[in-house]
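Novice: Need coordinates for the below:
(one chain, ligands or ions: 1)
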Amino acid sequence: MRLALISSRCKLALLTALLAPPLAHADAPLEYFLHSAGPAATPTMHLGWGLTAMCVAVVAIIAVLLAGALVRRRPAAAPRALGKEGGGMGWIYIGVGVSTLALLASLFYTLVTLQAVAQPSAVPGLSITVTAYDWWWKIDYGDDSDPAHHFVTANEIHIPVSVPVKIGLKSADVIHAFWVPRLAGKTQAIPGQVNTQWIQADAPGVYRGQCTQFCGAQHAHMAFDVVAQPQADFDAWRDAQILQAASPADGQVRTGQKIFMDRCAGCHGVRGSDAVGVQAPDLTHVGSRRQLAAGTLTNTPEHLLDWVQHAQQIKPDSLMPSFTLNMQDAAALSAYLATLH
Ligand code: CUA
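Specialist: Numbers count the residues shown, from 1 in each chain. This next block holds a predicted model:
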């Protein structure tokens, strides 16, 4: 009895969840691929809606025919009498014919869609290399024509609005997959090869991205943000990212930098300092980012210090250790990290 009650409650909860209207928030999961925001995603979204509509129509037609068959029974006959065989074959031919046509049409539509999203209509205005690591993303704004414009950041991609952006995808360890649902389909990042993808945002905004290939314990904590900005804002962001970190003058900040050099610089880099580690996110402008630990925490000074001291509780098995710091050291390190913005 109790089981039956629980089960009916579960059904009610499921039904409520299914019937609830999609959340209006731009980053809400239900908004994901149901509302595209750029030409690399829109044809795929239309294909998704089209195939969904076709499936719904098939289910509805079958339900109506089934209901009709139940209502319109065969006339009562003598128990042992044999009826005329062969009737109803027409329905079989219609069913097979309609199914074949529907499947061929959806195959054709899929091929057309794949062609439509294969290449942008204009030459990409920006090229970025993204390297997936367990469990974060290195973002490399390389510029062969101008090495002075080269810089590396992590877990946050900035792009100018309405410009196609080419993304070269690499992996440093296992197979990951790069997915910004509102901007483009999924593309795998495979060790030893470079896959390419392109994205374009038609409107300014923050578009959530996520690793979408299971890659280990913290696969779910391998997110990133794509921040689409008007060209002038993007240029200002890029100019700020190119700058090196300033040398600290103040006593406490200088102490914090020394702690950073002793304990963090083996893995993390800060351009303009002696920290040149490349196995972990570059922290030159860590304060400018929206999130910490690949979308795990919002970026506040408190969360940053919490992350340094409790990384293994927050993101178990990540390569970032939990550091034990006394109060003075924690305050000094925090003061130094606050200068990296
Ligand atoms: Cu990387 Cu899942």
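Novice: where does the stretch 51-200 of the chain have low pLDDT?
Specialist: Within the stretch 51-200 of the chain, the set of residues satisfying pLDDT under 70 comprises 75-87, 143-144.
Novice: Try it again at 90.
Specialist: For the stretch 51-200 of the chain, the stretches with pLDDT under 90 are 65, 69-92, 94-95, 121-122, 125, 142-150.
Novice: Can you name the residues of it sitting close to the ligand?
Specialist: 132, 135, 176 (CB under 6 Å from any ligand atom). (C-beta placed from N, C-alpha, C; glycine too.)
Novice: and those as a markdown table, adding distance to Arg290?
Specialist: Shown next, in a markdown table, are those (distance: CB to CB, whole Å):
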| residue | distance to Arg290 |
| --- | --- |
| Ala132 | 19 |
| Trp135 | 17 |
| His176 | 21 |
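Novice: For the residues you listed, which entry has the maximal number of neighbours?
Specialist: In terms of neighbours by other CB atoms under 10 Å, those top out with His176 at 30 neighbours.
Novice: returning to that earlier point: looking at the residues of the stretch 51-200 of the chain next to the ligand, which are in strands?
Specialist: Residues from these lying in strands, with DSSP state E as the criterion: 132, 176.
Novice: which one among the residues of the stretch 51-200 of the chain next to the ligand gets closest to the ligand?
Specialist: His176 (3.4 Å; CB to the nearest ligand atom).
Novice: and that closest one, bridged to which residues?
Specialist: Ala189 (DSSP bridges).
Novice: Can you verify my assumption that it contacts Pro191?
Specialist: No. At 9.5 Å, His176 and Pro191 do not qualify as touching, with contact defined as CB atoms under 8 Å.
Novice: what do those two both touch?
Specialist: Both His176 and Pro191 lack any common contact, where contact means CB atoms under 8 Å, 6 or more residues apart in numbering.
Novice: can you give me the helices for this structure?
Specialist: For the chain, the helices defined by DSSP state H occupy 2-19, 42-71, 89-118, 231-242, 251-263, 301-314, 327-337.
Novice: Let me know whether Leu297 touches Leu305 as I believe.
Specialist: No. At 10.9 Å, Leu297 does not count as touching Leu305 under the criterion of CB under 8 Å.
Novice: which intervals of the stretch 201-341 of the chain have sub-threshold pLDDT?
Specialist: In the stretch 201-341 of the chain (pLDDT under 90), the answer is 245-252, 276, 325, 327, 330-331, 335, 338, 341.
Novice: Contact residues of it facing the ligand?
Specialist: Within reach of the ligand by CB under 6 Å from any ligand atom, the stretch 201-341 of the chain has these residues: 211, 213-215, 219, 222.
Novice: Just the buried ones from the residues you listed, in ChimeraX syntax?
Specialist: Listed next is the ChimeraX selection for buried residues among those, using 16 or more other CB atoms under 10 Å:
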select :211,213,215,219,222
